[in-house]
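A.B. asks: Generate coordinates for the sequence data below:
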Amino acid sequence: MKPASAEGARSELQASGVKLIVGLGNPGRRYAATRHNVGFRVVEALAARHRIAVNEERFAGRFGAGRVRDVEVALLEPQTFMNDSGESVAQALRGLGLDDPARDLVVVYDDVDLPLGRLRIRAGGGDGGHQGVRDIVARLGRQDFARLRFGIGRSGRGAGTTEHVLERFSPEEEALLAERILAAAAALEAILLEGVVVAMNRVNAAPPE
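C.D. replies: Model prediction:
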């Protein structure tokens, strides 16, 4: 059988209504377990639930494609460092032939303004001070894409935000995270299968953990 061309693969993905799910973080073992990398961990949890390998080097990131039930998904972990996340996201949207971020893009990232493990879905809006989201908005020239915010809380010992997000979770926090990361993967499934509004109403109304 003749291999599919890149253009053919892109057309097939576009025709199937693929959704691009992007988890934000920093590359390398130094940052792997830090608070700022929780977006990577949520995407990896979703990938594991649906047996999607995120091991290709594409679009300046780690990439994989598969299916969540009837929905074709592309998963991306930008490897550009957080503050240049938009470069990887823009490359992926172009490469996959996705021209409407409001319909095709979901970004998962950490949020210091939410308590640890709390989830919030938004259909658009500002960057909330998050440098990765700020760069995506700047590169795309629009902010009407869906987001899943994962609470990491603020420092209880007076550390600055930059220092706090680059710290590792404590063992006690890790015990909570395992369940909340799975809940975040389930929230992504709800976005994919039921739409942002339905998922937002359900997840955002959930009682605090």
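A.B. asks: Which parts of the chain are helices?
C.D. replies: Along the chain, the stretches classed as helices by DSSP state H are 6-15, 38-49, 85-95, 101-104, 131-140, 161-165, 171-194, 196-204.
A.B. asks: now for the second one, which elements pack on it?
C.D. replies: Under the contact criterion of 3 or more Cβ pairs under 8 Å, 6 or more residues apart in numbering; DSSP states H and E, helix 38-49 touches strand 19-23, strand 61-68, strand 71-78, strand 105-111, strand 146-151, helix 171-194. Every residue, glycine included, has its C-beta placed from N, CA and C.
A.B. asks: who touches the longest one?
C.D. replies: Contacts of helix 171-194 from elsewhere in the structure, counted by Cβ atoms under 8 Å, 6 or more residues apart in numbering, are 19, 21, 38, 41-42, 45-46, 49, 68-71, 73, 106, 108, 116-117, 119, 121, 146, 148, 150, 169, 198-199, 202-203, 209.
A.B. asks: Filter those down to the buried ones.
C.D. replies: Among those, those classed as buried by 16 or more other Cβ atoms under 10 Å are 19, 21, 38, 41-42, 45-46, 68, 71, 73, 106, 108, 116-117, 119, 121, 146, 148, 150, 169, 199, 203.
A.B. asks: Pull up the distance across stretch 160-173, start to finish.
C.D. replies: 19 Å (Cα to Cα, to the nearest Å).
A.B. asks: Tell me the gap between that stretch and the middle of its chain.
C.D. replies: 19 Å (Cα atoms, centre = their mean, to the nearest Å).
A.B. asks: Just the mean pLDDT for it, thanks.
C.D. replies: Here stretch 160-173 scores 88 as its mean pLDDT.
A.B. asks: do the same with stretch 25-45
C.D. replies: What stretch 25-45 shows for mean pLDDT is 96.
A.B. asks: which residues sit against it?
C.D. replies: Taking contacts as Cβ under 8 Å, 6+ apart, the residues outside stretch 25-45 that touch it are 21-24, 54, 75-82, 107-110, 132, 148, 150, 152, 164-169, 177, 181-182, 184-185, 188.
A.B. asks: rerun at 6 Å
C.D. replies: With Cβ atoms under 6 Å, 6 or more residues apart in numbering as the test, stretch 25-45 has contacts from 23-24, 75, 77, 79, 81-82, 108-110, 150, 152, 165-166, 168, 181-182, 184-185.
A.B. asks: Neighbour count says what about those residues? Which are buried?
C.D. replies: Buried subset of these (neighbour count, 16+ other Cβ under 10 Å): 23-24, 75, 77, 79, 81-82, 108-110, 150, 152, 165-166, 181, 184-185.
A.B. asks: Burial check on Leu114, number of neighbours?
C.D. replies: As a burial measure, Leu114 scores 18 neighbours (other Cβ atoms under 10 Å).
A.B. asks: Need the per-residue pLDDT for it.
C.D. replies: 95.
A.B. asks: ok, and the closest non-adjacent residue to it?
C.D. replies: Among residues not flanking Leu114 along the chain, Gly151 sits closest, at 2.8 Å (Cβ to Cβ, 6 or more residues apart in numbering).
A.B. asks: show me the contacts for the one you found.
C.D. replies: Asp111, Leu114, Pro115, Leu116, Gly117, Arg118.
A.B. asks: Please repeat the previous calculation with a cut-off of 8 Å.
C.D. replies: Taking Cβ under 8 Å, 6+ apart as the test, what Gly151 contacts is Asp110, Asp111, Asp113, Leu114, Pro115, Leu116, Gly117, Arg118, Leu119, Arg120.
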